[in-house]
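[1] I would like the atomic coordinates for the input below:
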Amino acid sequence: MQNHEKLEAMKAEIRQNEARIEQLEHQIQRRTNRIQHMESGERRARNHRLITRGAAVESIWPEIKPLPEQDFYKLMEIVLNLPEARAVLRSVHSIPIKAPPSGDT
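    Model prediction:
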């Protein structure tokens, strides 16, 4: 009879452990979902910022709308590396602005 009791106790322990494993798996899934939600929120915020800033550039400077993407990047690189543009940016915002690498302008 003692073996039967031990066997039943072991089976009960297995059921308890399986229930605990299931609970932990659900906790992992909830945390994974939360991380994905937070990361997608960051992506949405970045996408929104990029779109609104791009729209602002196009509304202020409509001549750039027909430019191919590669030409737009070249233009932005040249314009934004001008000392005058860097000075304006420094005066508008107090973040340090890196100097362009020599020979790139």
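
[2] Restricting to C-alpha, output stretch 18-28 in CSV.
    Output of stretch 18-28 as CSV, limited to C-alpha atoms (Å, rounded to 0.1, in the frame of the first residue of the first chain):
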residue,chain,number,x,y,z
GLU,A,18,2.7,20.8,-15.1
ALA,A,19,0.2,23.4,-14.0
ARG,A,20,3.0,25.6,-12.8
ILE,A,21,4.8,25.2,-16.1
GLU,A,22,1.7,26.2,-18.0
GLN,A,23,1.4,29.3,-15.7
LEU,A,24,5.0,30.3,-16.4
GLU,A,25,4.6,29.8,-20.1
HIS,A,26,1.6,32.1,-20.0
GLN,A,27,3.7,34.7,-18.1
ILE,A,28,6.5,34.4,-20.7
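
[3] Just give the number of residues close to Arg86.
    Applying other CB atoms under 10 Å, we find 15 residues neighbouring Arg86. Glycine gets a C-beta too; all of them are placed from N, C-alpha and C.

[4] I'd like the distance from the host helix or strand of it to the chain centre, please.
    Element membership for Arg86 (DSSP states H and E) is helix 83-92. Taking CA atoms, centre = their mean, to the nearest Å, one finds the center of helix 83-92 at 28 Å from the center of the full chain.
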